[in-house]
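Engineer: Got a sequence here, can you build the structure:
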Amino acid sequence: MRRALAYPGLPEISTLAHDRQVRAFGPRGQAIISHIAVAIIGLGGTGSAVAQQLAHLGVRRFILIDPDVVEMTNLNRLVGATPADIGRPKAEVAARHIRSINSKAEITALRADIVDEASLPALYGADFLFLCTDSHASRAVVGQLAYQFLLP
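Structural biologist: As a prediction, this is how the structure comes out:
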């Protein structure tokens, strides 16, 4: 959010789709929401719901990271997943669902584990981190990254 708030030429956004939010945050607030970059680590039950809601709020820049593929046992909690998605990476399924809400969304979808050092650089451009994993290791890594780079 640091970059979005400091951007002097940020255009105001006021659309009917975001009318209720504009009433709460104003056109400038909605513009900020549409320009922030969010990273969602873990796209299971919680992460897929977070992705959907952020897309509906007007967020357009996403970094999606999850090492897993959709399994039959995931279908009851993965927002946007269908039986046809079994075997597909969860990050790709979430990206498709986000694009179904906002076709102009900019999405980096990685089938990667956040505890692998190679996946960390993808998070450097994020304004906010949403940690939606069930792993103590991923919590430790993302917590340390958030602390070191002052990322909420």
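
Engineer: And the lengthiest helix in the chain, what does it pack against?
Structural biologist: Counting residues, the longest helix found in the chain (DSSP state H) is helix 19-35. If contacts are counted by 3 or more C-beta pairs under 8 Å, 6 or more residues apart in numbering; DSSP states H and E, helix 19-35 sits against helix 2-6. Every C-beta, even on glycine, is put in place using the N, C-alpha and C of the backbone.

Engineer: what is the rounded mean pLDDT of the helix it packs on?
Structural biologist: Per-residue pLDDT over helix 2-6 has a mean of 54.

Engineer: go on, stretch 55-73?
Structural biologist: Mean pLDDT, computed over stretch 55-73, is 96.

Engineer: Same question for stretch 115-130.
Structural biologist: Stretch 115-130 comes out at a mean pLDDT of 92.

Engineer: tell me how far the ends of it are from each other?
Structural biologist: 15 Å (C-alpha to C-alpha, to the nearest Å).

Engineer: So which residues make contact with that stretch?
Structural biologist: Outside stretch 115-130, the residues within contact range by C-beta atoms under 8 Å, 6 or more residues apart in numbering are 1-4, 36-41, 47, 50, 54, 63, 65, 108, 110, 112-114, 135, 137-138, 141-142, 145-146, 149, 151-152.

Engineer: Repeat that for stretch 141-152.
Structural biologist: With C-beta under 8 Å, 6+ apart, stretch 141-152 has contacts from 1, 41, 114-115, 120, 123-124, 126-129, 131, 133.

Engineer: If any of these are buried, give me the ChimeraX selection for them.
Structural biologist: Of the contacts of stretch 141-152, the buried ones go into a single ChimeraX selection, burial set by 16 or more other C-beta atoms under 10 Å:
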select :1,41,114,115,123,126,127,129,131,133
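
Engineer: And the contacts of stretch 141-152, which is closest to V69?
Structural biologist: Using C-beta to C-beta, T133 comes nearest to V69 of these, at 15.4 Å.

Engineer: Enumerate every residue touching the closest residue to the closest one other than its chain neighbours.
Structural biologist: Spatial nearest neighbour of T133, excluding adjacent residues (C-beta to C-beta, 6 or more residues apart in numbering): G42 at 3.6 Å. Residues in contact with G42 (C-beta under 8 Å, 6+ apart) are 65-66, 131-134, 138.

Engineer: how about a cut-off of 7 Å?
Structural biologist: 66, 131-133 (C-beta atoms under 7 Å, 6 or more residues apart in numbering).
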